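Asks: Need the 3D shape of this:
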Amino acid sequence: MDSYLIQVDGHGDHAPVLDVHLRTNGNSISLGKVKGRKPRWAVRASEMSKKTFNPVRAIVDTMKVEPNPKKAMISLSLGDPTVFGNLPTNDEVTRAVKEVLDSGRYNGYAPSVGYQSCREAVAAYYSCPEAPLEAQDVILTSGCSQAIELALAVLANPGQNILVPRPGFSLYKTLALSMGIEVKLYNLLPEKSWEIDLEHLESLVDEKTACLIVNNPSNPCGSVFSKSHLQKILAVASRQCVPILADEIYGDMVFADCKYEPIATLSTNVPILSCGGLAKRWLVPGWRMGWILIHDRRDIFGNEIRDGLVRLSQRILGPCTIVQGALERILHQTPPEFYHNTLSILKSNADLCYAALSAIPGLQPVRPAGAMYLMVEIEMEHFPEFENDVEFTERLISEQSVFCLPATCFEYPNFFRVVITVPEEMILEACSRIQEFCETHYQGAEGAQDLECDK
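Replies: Residues are numbered from 1 along each chain as shown. Have a look, this model is predicted:
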């Protein structure tokens with residue numbers, strides 16, 4: 001039988017050395033001296049964490065500016081409709097959750113993809129002849145953000161790329177970069193109510209393109225694509241054989257003069273993962289209930305994508321069971337007037353804000369058609385003392401205590417985004433302050449030229 005002889009030599013502060021001999025069939029073979037490992041702490045952040053980057057936080061956190069102490073702060077920056085208390089959810093929604101909580105029946109773990117009855121409820125709510133759904137086509141998630149994360153994770157590998165709107169929701173880039181996925185930005189056109197530049201979009205597609213993200217209605221633009229434009233987008237995806245990740249969290253949140261078309265209802269051949277949730281339409285973003293709807297009538301995704309989504313969902317074992325238990329009642333018993341009243345308030349605020357900002361020299365708002373936002377162009381040539389939109393919005397805070405997000409956060413400099421969910425009186429006061437700010441700093445052509453000469 002073979003035997004081993006290990007001798008340990010160590011002197012003073014030197015690391016111990018292992019002298020290893022192997023004795024086999026009576027002969028001794030030296031394997032040499034191996035320096036032993038001296039344990040030491042070497043804890044480092046993962047590469048994934050280092051690659052995770054939120055553009056909004058990176059910009060906002062560097063805006064070290066104090067508001068004007070003489071004016072109450074008005075924040076038009078946060079896309080949370082619950083902040084000011086003027087847009088509560090419906091009583092039917094809260095009663096549904098209270099009754100589920102009191103029942104004690106939903107305190108345990110659910111399947112990672114959600115309870116079967118809840119998946120059936122979502123499928124029944126969104127199914128239509130043009131885009132039929134069954135329970136197996138629904139994955140419940142912890143908010144729409146996790147739905148987008150799972151959809152990206154199942155469609156794209158490190159080294160591949162995804163096509164993302166510019167301006168667009170910053171989370172797409174944050175998630176993609178953390179996964180080692182390249183982001184290619186396609187342009188939206190403000191002069192065409194933020195329609196996609198289809199020629200530019202198609203020019204970005206290559207053999208490594210994993211999916212196209214379509215956000216409709218849009219954050220940050222408040223735009224809503226027409227049926228004909230959606231059909232043109234689908235034509236590009238079909239020609240290039242690129243699946244679509246549809247971020248439709250603001251679905252049905254469109255103003256009366258517009259119509260929302262779920263993109264899956266317009267195509268029979270392009271496979272689509274549609275991401276949605278309760279957060280915006282039902283005004284409960286903190287409840288973290290989202291879903292993925294799998295539209296794959298040509299079986300292009302097949303079992304592989306479905307199975308992949310199930311496996312990925314098992315990492316956190318699904319969304320809140322209390323909200324799941326109330327989901328069927330929330331979807332099917334929330335009264336229609338609740339949705340109508342919410343949209344009436346948003347439309348009124350949008351109209352007030354658009355009219356007020358349109359009258360201010362140096363600003364060019366783009367009229368929204370839905371969602372909760374409005375984008376405003378800053379004609380920077382008329383504000384030469386500011387380098388960019390970040391400086392403009394910083395000074396707006398320090399002088400007028402009004403906080404709007406600079407659109408650099410959305411990869412679109414020299415614009416800013418206004419959230420229109422605040423109470424009407426705050427919208428009017430904020431617009432009045434923005435007007436005062438612009439009148440103070442606005443320079444006509446001659447003034448701007450004089451300022452340049454003074455430099």
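Asks: The nearest residue to Cys211 once chain neighbours are set aside: what's it in contact with?
Replies: Spatial nearest neighbour of Cys211, chain neighbours left out: Leu155 (4.6 Å); criterion: CB to CB, 6 or more residues apart in numbering. Where C-beta positions appear, they are placed from N, C-alpha and C, glycine not excepted. With contact set as CB atoms under 8 Å, 6 or more residues apart in numbering, Leu155 has these partners: Ile162, Ala210, Cys211, Pro243, Leu245, Leu273, Ile305.
Asks: Asp389 too?
Replies: Contact analysis of Asp389 by CB under 8 Å, 6+ apart lists Ile378, Met380, Pro406, Ala407, Thr408, Pro413, Asn414, Phe415, Phe416.
Asks: ok, the second one - how many residues close by?
Replies: The number of residues packed near Met380 is 17, by other CB atoms under 10 Å.
Asks: how far away is it from Ser226?
Replies: Met380 is 31 Å from Ser226, where distance means CB to CB, to the nearest Å.
Asks: ok, now the first one?
Replies: To Ser226, Ile378 is 28 Å away according to CB to CB.
Asks: do the fifth one as well
Replies: The span separating Thr408 from Ser226 equals 28 Å under the rule CB to CB.
Asks: again, but for the fourth one
Replies: According to CB to CB, Ala407 stands 23 Å off from Ser226.
Asks: ok, these two, which is more surrounded?
Replies: Legend: neighbour count by other CB under 10 Å for Ala407 and Ser226, higher for Ala407 (24 against 14).
Asks: Can you say which of the contacts of Asp389 are buried?
Replies: For the contacts of Asp389, a burial check counting by 16 or more other CB atoms under 10 Å picks out Ile378, Met380, Pro406, Ala407, Thr408, Asn414, Phe415, Phe416.
Asks: Is the first one bridged to anything, and to what?
Replies: So that's Ile378. Taking DSSP bridges as the rule, Ile378 bridges to Leu363.
Asks: For it, which residues are in contact?
Replies: Gly362, Leu363, Asp389, Phe392, Asn414, Phe415, Phe416.
Asks: now do 6 Å
Replies: Residues near Ile378 by CB atoms under 6 Å, 6 or more residues apart in numbering: Asp389, Phe392, Asn414.
Asks: Then the fourth one?
Replies: In this structure, Ala407 makes contact with Pro167, Asp389, Phe415, Phe416, Arg417, judged by CB under 6 Å, 6+ apart.
Asks: The fourth one belongs to a strand, doesn't it?
Replies: Which is Phe416. Yes: using DSSP: H, G, I helix; E, B strand; the rest coil, the assignment for Phe416 is a strand.
Asks: Can you read off the backbone torsions of the residue minimising distance to the centre of the chain?
Replies: Closest to where the C-alpha atoms of the chain average out (CA atoms, centre = their mean) is Leu171, at 3.8 Å. The phi and psi values for Leu171, taken as degrees, to the nearest 10, are phi -60, psi -30.
Asks: again with Val183
Replies: Dihedral angles of Val183 (phi, psi; degrees, to the nearest 10) stand at phi -110, psi 130.
Asks: Just give the number of residues close to Leu245.
Replies: A count of nearby residues for Leu245, using other CB under 10 Å, gives 26.
Asks: Can you verify it is assigned to a strand?
Replies: Yes: counting by three-state DSSP, Leu245 is part of a strand.
Asks: related to what we said a few turns ago, state the distance from the residue nearest to Cys211 to Arg119.
Replies: Distance of Leu155 to Arg119, computed by CB to CB: 21 Å.
Asks: Please apply the same query to Leu133.
Replies: For Leu133, the distance to Arg119 equals 10 Å [CB to CB].
Asks: Need the overlap of contacts for these two.
Replies: Common contact partners of Leu133 and Arg119 (CB under 6 Å, 6+ apart): none.
Asks: Great, nothing more from me.
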